[in-house]
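Asker: 3D, please:
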Amino acid sequence: MWFVESGFIAVASLTHPENIVCLNIHGMLFKRPIANGHVVRFESKVVLAGRTRLVSYVKVLGNRDEELLLDGFISFIHVDGKGTPVAHGIVIEAKDPEDIALQELARNLRG
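Answerer: Down below sits the predicted model:
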């Protein structure tokens, strides 16, 4: 699923990819259908960092019209080589109103 991969890439850009596992896909909501053959663009960014958890926000846009087609959050956990959660030391500071709102939504997610 490209949606999860997009979120993973955002998280993996901040730490070692081999230390990231997907915990939960939250509220992936299709705003509009995506037709077969429709070209889309994925945008993802990490909006929240806990001690071991990192939350990505992913949105899918129509490549021609920039219409929001799909969005949602994905939680990942930073683990050691044995799969035990370990602190990642990453800090995410939301500065603009959109990022502040996304961070607040991510804080209220379970898991």
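
Asker: From here on, just use CA atoms for contacts and neighbour counts.
Answerer: Noted.

Asker: quick one: least confident helix or strand in the protein?
Answerer: Ranked by mean pLDDT, DSSP states H and E, the weakest helix or strand in the chain is strand 20-30, scoring a mean of 90.

Asker: who does it pair up with?
Answerer: According to DSSP bridges, strand 20-30 forms sheet pairs with strand 68-78 (antiparallel).

Asker: Mind listing what's buried along the least confident helix or strand of the chain?
Answerer: Buried residues in strand 20-30, counted by 16 or more other Cα atoms under 10 Å: 20, 21, 22, 24, 25, 26.

Asker: List the contacts of it.
Answerer: With contacts defined as Cα atoms under 8 Å, 6 or more residues apart in numbering, strand 20-30 is touched by 4, 8, 11-12, 69-79, 109, 111.

Asker: Selecting buried members of these in PyMOL, what would you type?
Answerer: Buried subset of those, written as a PyMOL selection, criterion 16+ other Cα under 10 Å:
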select buried, resi 4+8+11+12+69+70+71+72+73+74+75+76+77+78+79
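
Asker: Show me which parts of stretch 26-42 are buried, residue by residue.
Answerer: Residues 26, 40, 42 are the ones in stretch 26-42 that count as buried (16+ other Cα under 10 Å).

Asker: Just name the closest of those residues to residue 105, please.
Answerer: residue 26 (10.8 Å; Cα to Cα).

Asker: Would you reformat the buried residues of strand 20-30 as JSON lines and include distance to residue 57?
Answerer: JSON lines is the format used below for these (distance: Cα to Cα, whole Å):
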{"residue": "20", "distance to residue 57": "16"}
{"residue": "21", "distance to residue 57": "16"}
{"residue": "22", "distance to residue 57": "13"}
{"residue": "24", "distance to residue 57": "12"}
{"residue": "25", "distance to residue 57": "10"}
{"residue": "26", "distance to residue 57": "10"}
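
Asker: Sweet, I'm off.
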